[in-house]
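J.: requesting a structural model of the entry that follows:
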Amino acid sequence: LQFYILHALVYTFLGCVGLLGTVLMTALPLWRVSAFIGANLIVMEELQEGLWMACYRQLNIKMQCKVYNSLLILPPELQAARALACVSIALVFIALLVTGCGTQKSNCCSDDMKAKNITLAFAGCLYLLSFLTTLIPVSWVAHTVIRNFYNPTVVDSQKRELGEALFIGWATSGVLLITGIILLFRFSEGQKVNTTTATWVHTCPVYHYTFCTSTS
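T.: Got it, this is the predicted structure:
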């Protein structure tokens, strides 16, 4: 019992970390930042771009942020990243709720352990799906940034570097992957226990007693 409680605490904690990571990744305007190379090396200004806004700061001036007026002004990778990041948040949130229903202390599914195991497996699949919806946009944006950085036809002022939000996204995708694997492992272990129990019940010997009465 203590093993299952520890398991539940681990994947619940990892799920909360995954949810926090996806929210930070989506909200922070740090997907692409200014690259201080060439002519930009002596310009004391910084540009930070995110999914929802861009922030601009000059020397001795407080940073100013402006929300994008239209989705269409964003490049394709940021448009896709915005949609997939929102999907990731929704998937992780739903997975957390489903995981809560699959724990042994939950009143969901009564005491049906088979149903609880299936619930945990479904939550694990949601975590694995959120892993993909988190990893794909982060890697896509990073690939575009690196490609443009080494492209000689792109002027230095248009080149960007990887922002902190991308690294948060990579770390979060790893957490989501581990959480999904743990839940699927928990499901497989539960299936083994159910199979062993069912086999023991079916192979348990049954004795029949016959009572004889003697007649005098």
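J.: ok, residue 57 to residue 167 distance?
T.: Applying C-beta to C-beta, to the nearest Å, one obtains 21 Å for the distance of residue 57 from residue 167. C-betas here are computed from N, CA, C, even on glycine.
J.: kindly state the pLDDT recorded for residue 157?
T.: Residue 157 carries a pLDDT value of 78.
J.: and if you look at residue 31?
T.: Note on residue 31: pLDDT of 96.
J.: and stretch 70-79, which residues are buried?
T.: Within stretch 70-79, the residues scored as buried using 16 or more other C-beta atoms under 10 Å are 74, 77, 78.
J.: tell me the one among those nearest to residue 121.
T.: Nearest to residue 121 among these is residue 77, at 32.9 Å by C-beta to C-beta.
J.: name the nearest residue to the residue nearest the centre of the chain, sequence neighbours excluded.
T.: Among the residues of the chain, the smallest C-alpha distance to the mean C-alpha position (C-alpha atoms, centre = their mean) belongs to residue 176, namely 3.8 Å. Nearest in space to residue 176, with sequence neighbours left out and distances taken as C-beta to C-beta, 6 or more residues apart in numbering, is residue 131 at 4.1 Å.
J.: residues contacting the nearest residue to residue 154 once chain neighbours are set aside?
T.: Leaving out its chain neighbours, the residue that sits closest to residue 154 by C-beta to C-beta, 6+ apart is residue 148, at 5.0 Å. Listed by C-beta atoms under 8 Å, 6 or more residues apart in numbering, the contact set of residue 148 reads 154, 158, 159, 160.
J.: surely residue 148 is in a helix?
T.: Yes: according to DSSP: H, G, I helix; E, B strand; the rest coil, residue 148 belongs to a helix.
J.: show me what contacts residue 172?
T.: Neighbouring residues of residue 172 by C-beta under 8 Å, 6+ apart: 17, 18, 21, 22, 25, 134.
J.: could you tell me which residues within the helix or strand containing the first one count as buried?
T.: When secondary structure is defined using DSSP states H and E, the element that contains residue 17 is helix 2-27. Taking 16+ other C-beta under 10 Å as the neighbour-count basis, helix 2-27 is seen to contain the buried residues 7-8, 11, 14-15, 17-19, 21-23, 25-26.
J.: closest to residue 69 among the residues you listed?
T.: Residue 69 lies nearest to residue 26 out of those, by C-beta to C-beta, at 19.2 Å.
J.: pretty sure the closest one contacts residue 86?
T.: Yes: checked against C-beta atoms under 8 Å, the pair residue 26 and residue 86 is within contact range at 6.9 Å.
J.: where does this structure have low pLDDT?
T.: Using pLDDT under 70 as the threshold, the predicted model of the chain has low-confidence ranges 1-4, 38-44, 102-113, 187, 189-216.
J.: swap in 80 and give it another go.
T.: Filtered on pLDDT under 80, the chain yields the residue ranges 1-7, 36-45, 58-61, 101-116, 156-157, 186-216.
J.: what are the boundaries of the helices in it?
T.: Listed in chain order, the helices of the chain (DSSP state H) span 2-27, 76-102, 113-149, 164-203.
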